[in-house]
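S.K.: have a look; sequence and predicted model below, questions after that.
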Amino acid sequence: MAGPVAFFAVFFAYPVAAIVGRGLHDGGTWQFGRIAEVAGRPEILRVLWFTTWQALASTALTLLIALPGAYVLARFDFPGRRLLRAVVTVPFVLPTVVVGTAFLALIGRGGLLDELWGVRLDTTVWAILLAHVFFNYAVVVRTVGGLWSQLDPRQEEAARVLGAGRFTAWRRVTLPALVPSLAAAALMVFLFTFTSFGVVQILGGPAFSTLEVEIYRQTADLLDLPTAAVLTLIQFAAVGLVLAVHARTVRRGESTLRLVDPSRTARRPRGAGQWTLLGSVVATVLVLLVAPLAVLAERSFDTPGGYGLDYYRALTVVDSRGATFLVPPVEAIRNSLEYAAAATAVSVLVGSLAAAALTRRAGRLTRGFDALLMLPLGVSAVTVGFGFLIALDEPPLDLRTSWILVPLAQALVGIPFVVRIMLPVLRAVDTRLREAASVLGASPLRAWREVDLPLVRRALLVAAGFAFAVSLGEFGATVFIARPDNPTLPVAVARLLGRPGELNYGQAMALSTVLMAVCAAALLALERIRPDKTSGEF
């Protein structure tokens with residue numbers, strides 16, 4: 001546990017504490033009275049209310065729309081199943097700024113719906129809610145569907161034999177077993193939507209602001225660190241509560257269920273009802289998930305002179321005014337790949353050590369350690385990024401001008417996913433195999449290399465691929481620390497969208513399409529090597 005704890009202490013706790021301390025410490029004294037003063041402002045109360053109710057509404061809507069997809073991918077075996085699983089995961093690993101861009105192309109001004117029927121939904125709460133469903137659909141499908149696929153269907157069949165109807169059998173037998181997984185998925189969706197940044201900033205306009213957006217505005221636009229610090233503490237408290245409840249539901253699910261091989265539970269759809277359900281899920285995925293991405297790609301080719309590659313060619317040219325980039329925008333692709341590769345190496349190293357530690361120990365210390373690993377998913381990425389600039393700017397950690405700063409920030413987001421993917425696989429390794437190797441004279445390192453590694457190799461590759469895709473799309477922290485001459489893809493897209501002009505908009509669509517294609521290719525590759533037996537959340 002020492003390595004991961006040290007990493008999080010230096011690159012997560014220290015930067016966050018630095019920016020909070022900078023905001024609340026003034027003149028040698030702590031100004032804790034600012035917390036009540038800021039929290040009582042009417043405009044801050046409105047932000048808190050909107051943040052909470054939109055997260056609850058987004059969570060309910062996501063569960064309603066995604067649960068049929070979780071069932072279909074868990075219980076049905078049909079051609080294209082792996083492809084469909086990869087397709088529903090692509091939105092989750094895309095940066096939120098690209099999600100916002102995709103929905104702008106579909107429902108914003110000059111978007112597809114505006115051109116066809118004159119309908120615009122941008123700057124409305126419906127745009128935010130739909131984008132959140134788009135982004136979090138995979139969380140429900142993978143979290144609930146992953147468990148659903150391993151529940152023994154014979155229990156529900158036995159209830160049917162004893163006279164229960166189809167719905168009664170599901171409600172009395174399957175639903176109670178799914179409750180921990182449903183709760184975990186709901187809490188994760190709530191966490192991601194409660195801390196939403198890019199989606200609200202792009203689609204909500206000035207009328208809507210979440211805590212994360214307000215922290216960014218107070219930090220970057222107004223330089224009001226005391227207010228930003230108080231909002232960070234409020235968000236930290238809310239996220240800590242959600243993660244505590246999440247950890248409890250996960251432990252309950254792990255301790256009370258007996259699971260079977262997923263290959264024994266999936267079967268081809270039978271009857272008109274099941275085929276209709278499969279068709280409706282595919283139609284939902286096409287309309288809600290594929291359509292925004294397809295329109296995004298179409299807009300990248302739709303130039304004033306007709307369909308062509310003009311926007312892609314413009315990516316290779318430096319802006320003559322130097323207003324947007326100091327280098328050709330295409331450099332952002334190379335930068336992102338290099339940064340993501342470095343972040344993946346760090347994520348796999350730290351995350352694997354953490355997962356191994358969690359399999360060997362138990363108790364309150366371990367549960368606290370597990371919660372610590374999840375905190376970066378909920379704590380303001382804006383705070384982390386700005387904290388990097390404030391805290392890591394003097395010896396012995398003078399990294400402000402170093403390229404490694406960006407991969408370190410990205411790794412903080414990738415590590416939780418590595419842990420969640422590796423943990424159930426490591427727990428499934430029979431400890432008697434290690435003991436037998438030790439009896440035969442193998443050192444702990446050799447036993448790990450020759451016993452554990454062959455059994456978890458595929459899960460390790462999946463964890464690395466997922467960390468790569470997530471790191472590639474990290475935006476909240478990177479927007480503060482990426483240098484103008486080394487932008488990443490999400491930062492480049494945000495800068496292009498922030499400047500007027502058709503060319504800038506087209507280049508943003510082109511870069512977003514490139515990022516989407518890279519993420520989709522990575523996820524399709526992962527589905528080919530994904531372990532068949534896994535109870536992990538992702």
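M.R.: Thanks, I have it. Since the structure is predicted, the reported quantities are computational estimates derived from the model, not experimental observations.

S.K.: buried ones in the helix ranked longest in the chain?
M.R.: If each helix of the chain is counted by residues according to DSSP state H, the longest one is helix 42-75. Buried positions in helix 42-75, judged by neighbour count with 16 or more other Cβ atoms under 10 Å: 44, 47-48, 50-51, 54-55, 58-59, 61-63, 65-67, 69-75. For every residue, glycine as well, the C-beta is placed using N, CA and C.

S.K.: which other helices and strands contact that helix?
M.R.: helix 33-39, helix 81-93, helix 125-148, helix 175-194, helix 211-216, helix 225-256, helix 271-284 (3 or more Cβ pairs under 8 Å, 6 or more residues apart in numbering; DSSP states H and E).

S.K.: next, the angle from the helix or strand following the second one to helix 81-93.
M.R.: Just to be clear, that refers to helix 81-93. Downstream of helix 81-93, the first helix or strand assigned by DSSP states H and E is helix 96-107. Going by axes from the mean of the first three to the mean of the last three Cα atoms, to 10 degrees, helix 96-107 is angled at 110 degrees with respect to helix 81-93.

S.K.: ok, back up a step: for the helices and strands packed on helix 42-75, which one sits closest to M516?
M.R.: Evaluated with Cβ to Cβ, the helices and strands packed on helix 42-75 place helix 81-93 nearest to M516, the distance being 6.8 Å.

S.K.: tell me the mean pLDDT for that closest one?
M.R.: Averaged across helix 81-93, pLDDT comes to 83.

S.K.: what average pLDDT does stretch 391-401 get?
M.R.: Mean per-residue pLDDT for stretch 391-401: 77.

S.K.: and that stretch, how far apart are its ends?
M.R.: 13 Å (Cα to Cα, to the nearest Å).

S.K.: looking at this structure, which helix or strand does the model trust least?
M.R.: Of the helices and strands making up the chain, the lowest-confidence element is strand 25-26, at a mean of 69, by mean pLDDT, DSSP states H and E.

S.K.: next SSE downstream of it?
M.R.: strand 29-30.

S.K.: helices or strands up against that following strand?
M.R.: Using 3+ Cβ pairs under 8 Å, 6+ apart, strand 29-30 sits against no helix or strand.

S.K.: show residues contacting it.
M.R.: Here strand 29-30 makes contact (Cβ atoms under 8 Å, 6 or more residues apart in numbering) with L24.

S.K.: go on, stretch 383-391?
M.R.: Outside stretch 383-391, the residues touching it (Cβ under 8 Å, 6+ apart) are 11-12, 14-20, 22, 215, 219-220, 228, 232, 376, 397, 399-400, 405, 408-409, 412, 476-481.

S.K.: again, but for stretch 232-239
M.R.: Applying Cβ under 8 Å, 6+ apart, the set of residues contacting stretch 232-239 is 16, 19-20, 23, 35, 39, 48, 191, 194-195, 211-212, 215, 375, 378-380, 383.

S.K.: mind redoing it with 7 Å?
M.R.: Contacts of stretch 232-239 from elsewhere in the structure, counted by Cβ atoms under 7 Å, 6 or more residues apart in numbering, are 20, 35, 39, 191, 194-195, 211, 215, 375, 378-380, 383.

S.K.: what's around P424, how many residues?
M.R.: Residues near P424, counting by other Cβ atoms under 10 Å, number 20.

S.K.: would you mind measuring from it to S352?
M.R.: 14 Å (Cβ to Cβ, to the nearest Å).

S.K.: what do those two both touch?
M.R.: With Cβ under 7 Å, 6+ apart, P424 and S352 have no common neighbours.

S.K.: any weak-confidence spans in this structure?
M.R.: When residues are selected by pLDDT under 70, those of the chain lie in 26-28, 246-264, 319-326, 361-363, 527, 529-538.
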